[in-house]
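Undergrad: heads up, no residue letters with this:
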Ligand SMILES: NC(=O)c1ccc[n+]([C@@H]2O[C@H](COP(=O)([O-])OP(=O)(O)OC[C@H]3O[C@@H](n4cnc5c(N)ncnc54)[C@H](O)[C@@H]3O)[C@@H](O)[C@H]2O)c1
Ligand SMILES: O=C(O)[C@H](O)[C@H](O)COP(=O)(O)O
């Protein structure tokens, strides 16, 4: 088999080399010629997969090690009988870690607690649903807008209500251009104007869910609004005027945890095994050097006792602090005359980041409560009572 794979897919050789030749390529530069005689194509979000790329190729299966699928013409693949799988949920924990770090930063700016904020979540699937569960466990008031959901146990409401009544609005929809509730430019000028005074808008879904020109226009009129953008309508090009105006800027790395990226590769491998009817002879556990995936041990002495809110924020920052990514992006894009290349380089050379589950906690019993478990930290029950 010939397997053409995005060069930024960790462990792709380890998973697939027993199947044939693995040819790594830069995701933005994959050509129809390169895939003409390939059997398998493995991509990330930056490769457009459609008739133009695969019309003349032998590819039988496409795997995308991503949650989002807006870069793939799934209908065309289906019509051609080409198999496809993305990696649903693979990096959801990392995106929630990013959002919680943004919220922790907002709490510092406002000198408030997390529980004092009301958070509106637009799109409550793998990412938004997980965010809702974690925030609820910490006592944060949430509202959800998701027209595809009908669940009496969720605080579902209209988009307008989410916009008007939340201190923070966090976007977690896919990018869609058709269907009953398309999300392309879902947040335009009139929606931005509905945001409450001093609100924070977070976009870590897809850039074009927010209309960039409208955002710039409204921000000029409303200096009270705060914005955190991980995704950009024109990426890898970033409008430097917008970059200067937003409060937290990151280069589409919300989902870039070590675990999330490895899970993405493993999930497309598993889907390809099912498609080609081959045994799953590799697992992540076998392939990873043990110490790298092992949990980091931490015992927390919390006397005087800290609230879950404060302790969660402190522990969360041991693993991830969005302000570091923001600083790196501003420094490197500001000093560059090649914005798109620098944006991609920031992503390619992203430092290793671990998910909350990698931190195994032992410490004072009451502090290691349900709230910290809900945040995804691993609680070590054996030692819980001993410290
Ligand atoms: N920034 C990053 O690094 C990063 C990482 C992972 C995912 N993402 C993006 O986040 C998106 C969401 O991820 P997910 O795993 O939660 O996907 P998901 O498919 O599990 O959930 C998406 C949810 O959005 C809802 N939705 C669809 N249209 C809507 C609309 N018009 N209004 C409100 N809700 C709507 C759906 O009903 C669904 O519940 C992905 O499609 C991807 O584009 C970004
Ligand atoms: O949809 C996703 O999973 C993420 O947005 C995606 O993984 C971002 O990273 P990329 O695939 O562009 O490397």
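TA: Sure thing, it's come through. Computed from a prediction, not measured in an experiment: that's the story for all the values here. Ligands and ions are numbered 1, 2, ... in the order given.
Undergrad: and whichever residue of the stretch 51-200 of the chain sits closest to ligand 1, how many residues sit next to it?
TA: Ligand 1 sits closest to residue 125 of the stretch 51-200 of the chain, with a gap of 1.8 Å, by C-beta to the nearest ligand atom. In this view, the C-beta of every residue, glycine as well, is placed from N, C-alpha and C. Neighbours of residue 125 under the rule other C-beta atoms under 10 Å: 17.
Undergrad: oh, and call the first residue 701 from now on, that's how I've got it
TA: In the new numbering, first residue 701, that becomes residue 825.
Undergrad: model confidence for it, exactly?
TA: Note for residue 825: predicted pLDDT of 98.
Undergrad: ok, now residue 1030?
TA: So residue 1030 comes in at 97 (pLDDT).
Undergrad: then the one 10 residues further on?
TA: At residue 1040, the predicted lDDT confidence score is 97.
Undergrad: and the next element down the chain from the helix or strand it falls within?
TA: Residue 1040 is part of helix 1039-1048, with elements assigned from DSSP states H and E. Beyond helix 1039-1048 in the direction of the C-terminus, DSSP H and E gives the next helix or strand as strand 1059-1063.
Undergrad: test my guess that residue 715 contacts residue 964.
TA: No: in this structure, residue 715 is not within contact of residue 964 by C-beta atoms under 8 Å, at 11.2 Å.
Undergrad: pLDDT below threshold where in the protein?
TA: 989-995, 999-1006, 1063-1069, 1081-1087 (pLDDT under 70).
Undergrad: which bits of it sit near ligand 2?
TA: 708, 744-746, 766-768, 791, 952, 955 (C-beta under 6 Å from any ligand atom).
Undergrad: turn these into TSV, columns for distance to ligand 1, neighbour count and secondary structure.
TA: Listed next are the residues of the chain next to ligand 2 as TSV, based on distance: C-beta to the nearest ligand atom, whole Å; neighbours: other C-beta atoms under 10 Å; DSSP: H, G, I helix; E, B strand; the rest coil:
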residue	distance to ligand 1	neighbour count	secondary structure
708	13	18	coil
744	11	20	coil
745	8	22	coil
746	12	19	coil
766	7	26	coil
767	4	23	coil
768	3	18	coil
791	5	26	coil
952	5	23	coil
955	3	24	coil
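Undergrad: contacting residues for the closest residue to residue 856 other than its chain neighbours?
TA: Nearest-residue entry for residue 856: residue 844, 5.3 Å, with adjacent residues in sequence omitted and distances by C-beta to C-beta, 6 or more residues apart in numbering. Neighbouring residues of residue 844 by C-beta atoms under 8 Å, 6 or more residues apart in numbering: 820-822, 824, 828, 832, 854-857, 862.
Undergrad: same thing with residue 942?
TA: 912, 915-916, 929, 932.
Undergrad: between those, which sits nearest ligand 2?
TA: Set against ligand 2, the nearest of those by C-beta to the nearest ligand atom is residue 932 (11.9 Å).
Undergrad: what's the neighbour count on that closest one?
TA: Quick note: residue 932 (other C-beta under 10 Å) scores 24 neighbours.
Undergrad: for ligand 1, see how far away it is.
TA: Distance, residue 932 to ligand 1, using C-beta to the nearest ligand atom, to the nearest Å: 10 Å.
Undergrad: would you check that that residue makes contact with residue 952?
TA: Yes: the pair residue 932 and residue 952 qualifies as a contact (C-beta under 8 Å) at a distance of 7.4 Å.
Undergrad: before we move on, the earlier item: from the contacts of residue 844, which ones fall inside strands?
TA: Judged by DSSP state E, the contacts of residue 844 include 820-822 as members of strands.
Undergrad: re earlier: can you say which of the contacts of residue 942 are buried?
TA: With neighbours counted by 16 or more other C-beta atoms under 10 Å, the contacts of residue 942 contain buried members at 912, 915, 929, 932.
Undergrad: just those: which are in helices?
TA: 912, 915 (DSSP state H).
Undergrad: closest to residue 802 among the buried ones among the contacts of residue 942?
TA: residue 929 (10.2 Å; C-beta to C-beta).
Undergrad: quick check, stretch 958-969 touching ligand 1?
TA: No: Stretch 958-969 lies out of reach of ligand 1 by C-beta under 6 Å from any ligand atom, never closer than 7.9 Å.
Undergrad: who touches that stretch?
TA: For stretch 958-969, contacts defined as C-beta under 8 Å, 6+ apart pick out 709-712, 715-716, 742, 763-766, 785-788, 790-794, 955, 980, 982-984, 988, 992-993, 1052-1055, 1057-1058.
Undergrad: distance between it and the chain's centre?
TA: Its chain's average C-alpha position is 13 Å from that of stretch 958-969, according to C-alpha atoms, centre = their mean, to the nearest Å.
Undergrad: now swap in stretch 1036-1051 and tell me
TA: Chain-centre distance of stretch 1036-1051: 18 Å, with C-alpha atoms, centre = their mean.
Undergrad: quick one: buried residues of that stretch?
TA: Those would be 1039, 1042-1044, 1046-1047, 1050, for stretch 1036-1051 by 16+ other C-beta under 10 Å.
Undergrad: was I right about residue 946 contacting residue 927?
TA: Yes: Residue 946 is within contact range of residue 927, at 4.3 Å (criterion: C-beta under 8 Å).
Undergrad: intersection of neighbour lists for the two?
TA: Joint contacts of residue 946 and residue 927 (C-beta under 8 Å, 6+ apart) do not exist.
Undergrad: what's the helix or strand for residue 960?
TA: Residue 960 belongs to helix 958-976, assigned by DSSP H and E.
Undergrad: near ligand 1, which residues of this structure are found?
TA: Residues of the chain lying near ligand 1 (C-beta under 6 Å from any ligand atom): 767-768, 789, 791-792, 795, 822-828, 845-849, 872-875, 881, 883, 886, 904-906, 930-931, 952, 954-955.
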